[in-house]
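*Asks:* Quick one: sequence and predicted model below, then my questions.
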Amino acid sequence: GAGVSQSPSNKVTEKGKDVELRCDPISGHTALYWYRQSLGQGLEFLIYFQGNSAPDKSGLPSDRFSAERTGGSVSTLTIQRTQQEDSAVYLCASSLEGGGSGNTIYFGEGSWLTVV
Amino acid sequence: AQKVTQAQTEISVVEKEDVTLDCVYETRDTTYYLFWYKQPPSGELVFLIRRNSFDEQNEISGRYSWNFQKSTSSFNFTITASQVVDSAVYFCALSEAYGGSQGNLIFGKGTKLSVKP
């Protein structure tokens, strides 16, 4: 597609359930990023993919969070046993190349997650 | 360590006023990239500009202009003759070529700009 596409746009889930968030990057972009934006917390880096591998997972807040990328394209961020503090907007982004190339990183519209 | 500071949390102006959003960065890399993004109420982060560390030329795009000064580690953003549609949160970000951040964006906390009619 023309831009980074994320689904679902909005998700309300009960505490303790698992959720999956999907990201479809811009076609041809090899680098993919997940960020989280909590109310009043700014933008927090979660994980970076180059192709299908994740050289930097340093931002994942706990082992309840995991992500994978297949075929060098679509990525899924999974949150297990959701907690209320997981409520945030999860933003996916992509760029032509990562790893310090300085390529512009383009963002999707985000998935708004609310844990009740 | 890498860091981006946007000291202004919120700014409120009246339409047609000029406004400058400040951004100060810290990095040990000699090669790095600076960005500004706009986040309107809809939530999407919209790319505005990218600047590499070797290009200190100021840039103007319509009512927007950017002042990059390596001597003060600043990359300030000015909106001339502001309009209500400029109301948004603006983020400054840093990406390093060789630092430990793997080229990820390091964001400032953002400046919320409100332009009143």
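*Replies:* Received the coordinates, thanks. Residues are numbered from 1 along each chain as shown, chains lettered A, B, ... in the order given.
*Asks:* in the helix or strand where B:Val115 lies, what's buried?
*Replies:* Assigned by DSSP states H and E, B:Val115 belongs to strand B:111-116. Across strand B:111-116, burial judged by 16 or more other C-beta atoms under 10 Å in any protein chain shown covers B:Thr111, B:Leu113, B:Val115. Heads up, the C-betas are built off the backbone N, CA and C, glycines and all.
*Asks:* just checking, what packs against it?
*Replies:* If contacts are counted by 3 or more C-beta pairs under 8 Å, 6 or more residues apart in numbering or on different chains; DSSP states H and E, strand B:111-116 sits against strand B:10-14, strand B:19-21, strand B:88-96.
*Asks:* Which residues does the shortest one contact?
*Replies:* By C-beta atoms under 8 Å, 6 or more residues apart in numbering or on different chains, the residues outside strand B:19-21 that reach it are B:6, B:8, B:11, B:13, B:76-79, B:82, B:90, B:92, B:111, B:113, B:115.
*Asks:* If you count neighbours, what's buried in stretch B:7-25?
*Replies:* In stretch B:7-25, counting by 16+ other C-beta under 10 Å, buried: B:Gln8, B:Ile11, B:Val13, B:Val19, B:Leu21, B:Asp22, B:Cys23, B:Val24, B:Tyr25.
*Asks:* Kindly report the residues of chain A close to chain B.
*Replies:* Contacts of chain A with chain B, taken as C-beta under 8 Å from any C-beta of the partner chain, map to A:31, A:33, A:35, A:42-43, A:45, A:48, A:55-56, A:89, A:91, A:93, A:98-102, A:104-110, A:112.
*Asks:* Which ChimeraX command selects the buried ones in those?
*Replies:* Restricted to buried positions by 16+ other C-beta under 10 Å, the ChimeraX selection for the residues of chain A next to chain B reads:
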select /A:31,33,35,42,43,45,48,56,89,91,93,98,99,100,102,104,105,106,107,108,109,110,112
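*Asks:* For the residue most central in space within chain A, name its beta-bridge partners.
*Replies:* Residue closest to the mean C-alpha point of chain A, counted by C-alpha atoms, centre = their mean, is A:Trp34 at 3.1 Å. In this structure, A:Trp34 bridges to A:Ile47, A:Cys92 when assessed by DSSP bridges.
*Asks:* Look at it and report its pLDDT.
*Replies:* A:Trp34 is assigned 96 on the pLDDT scale.
*Asks:* Verify the stated contact: it with A:Pro25.
*Replies:* No - contact criterion C-beta atoms under 8 Å: A:Trp34 and A:Pro25 do not qualify, at 11.0 Å.
*Asks:* what do these two both touch?
*Replies:* In contact with both A:Trp34 and A:Pro25: A:Ser75, A:Cys92, A:Ala93, using C-beta under 8 Å, 6+ apart.
*Asks:* quick one, what contacts residue 45?
*Replies:* Let's take chain A. For A:Phe45, the contact set (C-beta under 8 Å, 6+ apart) comprises A:Tyr33, A:Trp34, A:Tyr35, A:Ser58, A:Gly59, B:Asn104, B:Leu105, B:Ile106.
*Asks:* let's do chain B instead
*Replies:* Contacts for B:Leu45 (C-beta under 8 Å, 6+ apart) come out as A:Leu91, A:Ala93, A:Phe107, B:Tyr37, B:Lys38, B:Gln39, B:Phe91.
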